[in-house]
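>>> What shape does this take:
(chains A and B)
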Amino acid sequence: MQPARYSQMFIPTLKEAPADAQVASHRLLVRAGFIRQLGAGIYDHLPLARRTLARVERIVRQEMDAIGGQEFHLPALHPAEIWKESGRWEVMGDNMFRLKDRKGADYCLGMTHEEIFTAIARDELRSYRQLPQVWYQIQTKFRDEPRPKSGVLRVRQFTMKDAYSFDVDAAGLDRSYDDQRRAYEKIFTRCGLDFVAVQAHSGAMGGSGSQEFMVRTDAGEDDVAACPKCRYAANTETANSRGPIRPVDAGEPLAAPRKFPTPGVRTIEALERPPHGRSAARQLKTLVYAADEKLVLAVVRGDDELDEAKLQTATGAAQVRPAQPEEIRPLLGADPGSLGAVGVGNCPVFVDGTLAAAVGMVTGANENDVHLEGVDVRRDIGGAKLADLRKVKAGEGCPRCDGALELFKALEVGHIFKLGTKYSVSMKANVLLADGKETPIVMGSYGIGVERVMAAAVELHHDADGIIWPFSIAPFHATILTMGKEPELARAAEEVAAALGRAGMDVLFDDRDERAGVKFKDADLIGIPLRIAVGKRGLAEGKVEWKLRRGKEVDLVATGDVEARARALLAAELG
RNA sequence: CGGGGAGUGGCUCAGCUUGGUAGAGCACUUGGUUCGGGACCAAGGGGUCGCAGGUUCAAAUCCUGUCUCCCCGACCA
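Presented below is the predicted three-dimensional model:
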């Protein structure tokens, strides 16, 4: 293959990063000439990004094909009807880009493709004999994110590999799911990502189980609780810890809750201070939420934090949001800060499971400036449903072993779901069994954010000078540059470039009329894994400088040895 | 949506408080000197100061509205 010539390529590198770039991947992908912003959460992929993304996609295709996946390409523009069938036209709310055609009919831009693939399955699959099927595509998704941020990490238009499995029964789904999980492990490993597969919250997708593939980085937006001693790892949206959480600092039990005046007290902290002195662990925190627009109460301990995803799971609602003060007052008769669940009968109450046996607790009396003490959760909030609502904290016990949990930030690069029959039932995708009965197809859905894989690799692999790509997804494997203008240097560089090409490397030949320093800086910034520099001194002995981006050492290598050495390096790196 | 910040040559920013008709560095063009880690000198090109109204003899600067972008909280690959 011919080496690419830097002078002919469009690689707009920048000395300074745009002021609004906060995270490393954003800063470096812009500076190194991979991406440019078109609008909030909308990015141009310039040639270098396209090359890297194409490599990621190639790895994804290989691993999908290896488990029997068949590639499709479905429309991004969807008629509203199909989303109304599954009920998600409403569920997706403002996250969906919606538009009308010239006749006024409703359309949307696809956020994901469960509905479209399920429609194909419904229309075309008739018999259990046709199953299992594994279908996938690499396609553009549109989501009207409320808050795009962090460069390419959270955007409104992105590329997703989405795969769907169709099985006759749950056992088949388990196999398909395991195939995908193993494929994901290979994909992310090959892309040079350190990752953990964690237990996840299913959110709007529905279904029985799911795992997220997380890359540990502060640029991520999820919190993961993981046990260093065993394999337990979970998104804090589902993570548990081993009880007892902390000693329940029980107050004095009373025969019945007793009111006491708390003028001006509106916060847990205020109630901890004198003259009240009620520790947060003895307080009940009562929060009002709208779950699918129906008000509910959520109660956690005063020193705990409510996890909204857990509340969503507990209520079974599609959407959960904090209630407005204007909604709360008519419901409970008091303002936030004086709320409690004791005696509340006009809305569902959810109490965190760790409070099941709590006695002698303090809570708001639903009367401004008044609290209750001596509250016995079982006795006084008897109608409540117990649920896991609290967010786990670092250092708490692992639910699976005697280890202690650690918490860290992570970036979600992939998510696999056992959907079950949610979509096949609502969209009537059935097949006939051997005994002639109809059964809904059992489905799974599996996503990978392609740009996120690229960005995650940058987050993980960079230094002060720029990106350090793994060979597998680098835009070029090697770059070659000359130090000086002598024609013999350029000639030698051409030869070395050809040798690298014969070894199977993609080569960028920096033939620009620039000083060596400029070429070095750009090579480091762009992050090409292997750099060969041709200079007068080395060439006098028939040698060139061989340097890996990730290391410090510079080796002098005879030009005749470059090909063999490159071949060996590539074999070692790509396996 | 709630809260905070910012829009001035391609990029990073100054100028705004105290109105007087736009600047620096980088980038770009030309010439010269350089040439192993983002060179130097000289001469150039490039901006209706986000947009729309208003105040004023005069608006980048003051007022109102509006759009866009960024950051912090609720969603997701």
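
>>> Can you give the domain ranges for chain A?
Residue ranges for the domains of chain A, per automatic domain parsing: A:24-74+A:111-221+A:407-458, A:258-387, A:476-574.

>>> closest one to residue A:235 among the ones you listed?
domain A:24-74+A:111-221+A:407-458 (5.0 Å; C-beta to C-beta). Every C-beta, even on glycine, is put in place using the N, C-alpha and C of the backbone.

>>> Endpoints of the closest one, how far apart?
7 Å (C-alpha to C-alpha, to the nearest Å).

>>> what's the most buried one of the domains of chain A?
Highest mean neighbour count among those (mean count of other C-beta atoms under 10 Å): domain A:24-74+A:111-221+A:407-458, with a mean of 20.

>>> Indicate whether that one makes contact with RNA strand B.
Yes - Domain A:24-74+A:111-221+A:407-458 comes into contact with RNA strand B (C-beta under 7 Å from any atom of the strand), by way of A:31, A:37, A:39-41, A:112, A:143, A:145-150, A:153-155, A:158, A:160, A:201, A:203-205, A:212-213, A:221, A:412-415, A:447-449, A:451-452.

>>> give me every residue that touches the residue nearest to residue A:11 when sequence neighbours are not counted.
The shortest distance from residue A:11 to any non-neighbouring residue, by C-beta to C-beta, 6 or more residues apart in numbering, is to residue A:33 (4.4 Å). Residues counted as contacts of residue A:33 (C-beta atoms under 8 Å, 6 or more residues apart in numbering) are A:10, A:11, A:12, A:13, A:14, A:46, A:48, A:526.

>>> which SS class is the third one?
When the structure is reduced to helix, strand and coil (DSSP: H, G, I helix; E, B strand; the rest coil), residue A:12 reads as coil.

>>> Verify the stated contact: it with residue A:48.
No - using C-beta atoms under 8 Å, residue A:12 is not in contact with residue A:48, being 9.7 Å away.

>>> end-to-end on stretch A:352-369?
With C-alpha to C-alpha applied, stretch A:352-369 spans 25 Å between its terminal residues.

>>> go on, stretch A:6-14?
OK, stretch A:6-14 end separation, C-alpha to C-alpha: 15 Å.

>>> which regions of chain A sit below the pLDDT cut-off?
Scanning chain A for pLDDT under 70 picks out A:202-208, A:244-252.

>>> mind listing the helices in the stretch 51-200 of chain A by residue range?
Applying DSSP state H, counting those that start in this stretch to the stretch 51-200 of chain A gives helices spanning A:80-86, A:88-91, A:114-124, A:170-190.

>>> which residues are in contact with the last one?
The set of residues external to helix A:170-190 that reach it, using C-beta under 8 Å, 6+ apart, is A:59-60, A:63-64, A:66-68, A:131-132, A:134, A:163, A:165, A:167, A:195, A:197, A:209, A:211, A:213, A:215, A:413-414, A:416, A:418, A:420, A:442-444, A:446, A:448, A:453, A:472, A:575.

>>> Filter the residues you listed down to the ones in strands?
A:134, A:163, A:165, A:167, A:197, A:209, A:211, A:213, A:215, A:413-414, A:416, A:418, A:420, A:442-444, A:446, A:448 (DSSP state E).

>>> where do the helices sit along the stretch 351-500 of chain A?
Going by DSSP H, counting those that start in this stretch, the stretch 351-500 of chain A shows helices at A:377-380, A:422-426, A:450-460, A:487-502.

>>> Bridged to residue A:136, which residues?
residue A:71, residue A:163 (DSSP bridges).

>>> surely it meets residue A:162?
Yes - here residue A:136 lies in contact with residue A:162, judged by C-beta under 8 Å, at a distance of 6.5 Å.

>>> Find residues that contact each of those two.
Taking C-beta under 8 Å, 6+ apart as the contact rule, residue A:136 and residue A:162 both touch residue A:446.

>>> all strands for the stretch 251-400 of chain A, in order.
A:258-261, A:284-291, A:294-301, A:320-322, A:349-352, A:361-364, A:370-375, A:385-387 (DSSP state E, counting those that start in this stretch).

>>> Tell me which strands the last one pairs with, and in which orientation.
So that's strand A:385-387. strand A:349-352 (parallel).

>>> what does the partner strand contact?
Outside strand A:349-352, the residues touching it (C-beta under 8 Å, 6+ apart) are A:296-301, A:304, A:311, A:314-315, A:341, A:377, A:381, A:383-390.

>>> let's go with 7 Å and repeat that
A:296-301, A:304, A:311, A:314-315, A:341, A:377, A:381, A:383-387, A:389-390 (C-beta atoms under 7 Å, 6 or more residues apart in numbering).

>>> quick revisit: quick one: which of the strands of the stretch 251-400 of chain A is nearest RNA strand B?
Closest approach to RNA strand B among the strands of the stretch 251-400 of chain A (C-beta to the nearest atom of the strand): strand A:320-322, 5.3 Å.

>>> gap between that closest one and the chain center?
Chain-centre distance of strand A:320-322: 22 Å, with C-alpha atoms, centre = their mean, to the nearest Å.

>>> Do any residues in it lie close to RNA strand B?
Yes - counting by C-beta under 7 Å from any atom of the strand, RNA strand B has neighbours in strand A:320-322: A:320, A:321.

>>> Listing partners with orientation, what would you give for that strand?
When DSSP bridges is applied, strand A:320-322 pairs with strand A:284-291 (antiparallel).

>>> and the partner strand with strand A:294-301, angle?
Relative orientation of strand A:284-291 and strand A:294-301, computed by axes from the mean of the first three to the mean of the last three C-alpha atoms, to 10 degrees: 150 degrees.

>>> Which residue lies closest in space to residue A:342, excluding its sequence neighbours?
In this structure, residue A:342 finds its nearest non-sequential neighbour in residue A:380, 4.8 Å apart by C-beta to C-beta, 6+ apart.

>>> Roughly how far does that neighbour sit from residue A:352?
According to C-beta to C-beta, to the nearest Å, residue A:380 and residue A:352 sit 15 Å apart.

>>> so who does the closest residue to residue A:338 other than its chain neighbours touch?
Spatial nearest neighbour of residue A:338, chain neighbours left out: residue A:364 (4.3 Å); criterion: C-beta to C-beta, 6+ apart. Listed by C-beta under 7 Å, 6+ apart, the contact partners of residue A:364 are A:286, A:334, A:338, A:339, A:340, A:371.

>>> and the stretch 251-400 of chain A, which residues reach RNA strand B?
Counting by C-beta under 7 Å from any atom of the strand, the residues of the stretch 251-400 of chain A that sit close to RNA strand B are A:308, A:309, A:312, A:320, A:321.

>>> Now with 6 Å, please.
Residues of the stretch 251-400 of chain A lying near RNA strand B by C-beta under 6 Å from any atom of the strand: A:308, A:309, A:321.

>>> rewinding a little: the domains of chain A: which one's closest to residue A:3?
The closest of the domains of chain A to residue A:3 is domain A:476-574. By C-beta to C-beta, the value is 3.9 Å.

>>> Report the distance from that closest one to the chain centre.
Centre-to-centre, domain A:476-574 and its host chain are 37 Å apart (C-alpha atoms, centre = their mean).

>>> next one: stretch A:94-110
Chain-centre distance of stretch A:94-110: 26 Å, with C-alpha atoms, centre = their mean.

>>> what about that stretch, near RNA strand B?
Yes - contact of stretch A:94-110 with RNA strand B is found when judged by C-beta under 6 Å from any atom of the strand, involving residue A:95.

>>> residues of that stretch that come out buried?
A:96, A:97, A:108, A:109, A:110 (16 or more other C-beta atoms under 10 Å).
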